[in-house]
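Chemist: no letters, just coordinates:
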């Protein structure tokens, strides 16, 4: 008499569509965590206010001649900065989940291997949206006024969110390579801060040394800042937007496979 062998559920989701579907389901978990613990949004609600006050009133007069003029210049750039800093939380949260054994349970489910990573990234859309809404709302209270139209402003916001979703894969990759959540945050800052300050977010490119201008002119942060400024207060849009979209595509093509590979490697080591 033969004995039937029952195999564990096949891991579904080898197709991209399944990976996205499973990722969206797991993204709901991240949103549910925010609903249960809204204090987790304190960093992305207080940080935009503090950054705006600090840069406008400490450096506005020295860089632009007045705080009002600097507010118009810096706020679109700060949108990009906020997306960069908000992306740090993705890797930190993932590292915490892995250290607590949450991903061991995901490994036993018939889902795409990369779905937990995709779910964590998509779930952070809420963080980006809240942070940008606070920045724009508080900026308007201080006197910022978009000189274009609401549709252009919305496009700028959506582009910044899309960029945040692209760059946060760097934080995810670091979370897969480094064991400690604190080390993930520290290493992410080492990478993010030079990118952020090596751009034209805070000061015009022409005021910088020539060797720095060479990088700033092609930096993804500069390109996206110029795009946001053009969409919100006027200026060139097409060139910087194309460059920004190419940078986003490049980041995804490099960082997503690298993060997925590092995730599978970490799971195999246990």
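Modeler: All right, it came through fine. As the structure is a computational prediction, the values presented were derived from the model and not from experiment.
Chemist: quick one: low-confidence residue ranges for the stretch 51-200 of the chain.
Modeler: Applying pLDDT under 70 to the stretch 51-200 of the chain flags residues 102-104, 106-113.
Chemist: what about the helices in it?
Modeler: Secondary structure of the stretch 51-200 of the chain (DSSP state H, counting those that start in this stretch): helices located at 67-99, 102-107, 115-123, 125-142, 150-177, 181-197.
Chemist: and the last one, how far out from the chain middle?
Modeler: Think helix 181-197. Put simply, helix 181-197 sits 13 Å off its chain's centre (Cα atoms, centre = their mean, to the nearest Å).
Chemist: what mean pLDDT does the following helix or strand past it have?
Modeler: Remark: after helix 181-197, the chain's next helix or strand is helix 210-216, criterion DSSP states H and E. Across helix 210-216, the average pLDDT comes to 91.
Chemist: which residues sit against helix 210-216?
Modeler: Residues from elsewhere that reach helix 210-216, judged by Cβ atoms under 8 Å, 6 or more residues apart in numbering: 198-200, 205-206, 208, 222. Any C-beta I mention is one placed from the backbone N, CA and C, and that applies to glycine too.
Chemist: returning to that earlier point: which of the helices of the stretch 51-200 of the chain sits closest to residue 49?
Modeler: Of all the helices of the stretch 51-200 of the chain, it is helix 125-142 that lies closest to residue 49, at 5.2 Å by Cβ to Cβ.
Chemist: ok, for the most centrally placed residue in the chain, nearest residue in space, not its chain neighbours?
Modeler: Centroid-nearest residue in the chain: residue 164, 2.6 Å away (criterion: Cα atoms, centre = their mean). The shortest distance from residue 164 to any non-neighbouring residue, by Cβ to Cβ, 6 or more residues apart in numbering, is to residue 83 (3.5 Å).
Chemist: and the helices of the stretch 51-200 of the chain as CSV, adding distance to residue 264?
Modeler: Output for the helices of the stretch 51-200 of the chain, formatted as CSV (distance: least, Cβ to Cβ, whole Å):
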stretch, distance to residue 264
helix 67-99, 13
helix 102-107, 10
helix 115-123, 10
helix 125-142, 25
helix 150-177, 9
helix 181-197, 18
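Chemist: minimum distance to residue 237: which of those has it?
Modeler: helix 150-177 (8.3 Å).
Chemist: which strands or helices does the closest one pack on?
Modeler: When contacts are defined as 3 or more Cβ pairs under 8 Å, 6 or more residues apart in numbering; DSSP states H and E, helix 150-177 sits against helix 67-99, helix 115-123, helix 125-142, helix 181-197, helix 220-233, helix 238-269.
Chemist: returning to what we had before: farthest pair within the contacts of helix 210-216?
Modeler: Maximum distance among these (Cβ to Cβ): 15.1 Å, for 198 and 206.
Chemist: neighbour count: those two, which is higher?
Modeler: Applying other Cβ atoms under 10 Å to residue 198 and residue 206 shows that residue 198 carries more neighbours, namely 15 against 8.
Chemist: got phi/psi on the more buried one?
Modeler: Main-chain dihedrals, residue 198, degrees, to the nearest 10: phi -90, psi 50.
Chemist: might you report the residue contacts of it?
Modeler: Contacts of residue 198 by Cβ under 8 Å, 6+ apart are 212, 215-216, 219, 221.
Chemist: give me that answer again for 6 Å
Modeler: Contact analysis of residue 198 by Cβ atoms under 6 Å, 6 or more residues apart in numbering lists residue 215.
Chemist: how much space between it and residue 208?
Modeler: 9 Å (Cβ to Cβ, to the nearest Å).
Chemist: circling back to that earlier point, confirm for me that the residue nearest to the centre of the chain is in contact with residue 126.
Modeler: No. If you go by Cβ atoms under 6 Å, residue 164 and residue 126 don't touch, sitting 11.5 Å apart.
Chemist: how many residues are close by the residue lying closest to residue 176 once chain neighbours are set aside?
Modeler: Computed as Cβ to Cβ, 6+ apart, the closest residue to residue 176 that is not its neighbour in sequence is residue 262, at 3.5 Å. The tally of other residues near residue 262 (other Cβ under 10 Å) stands at 17.
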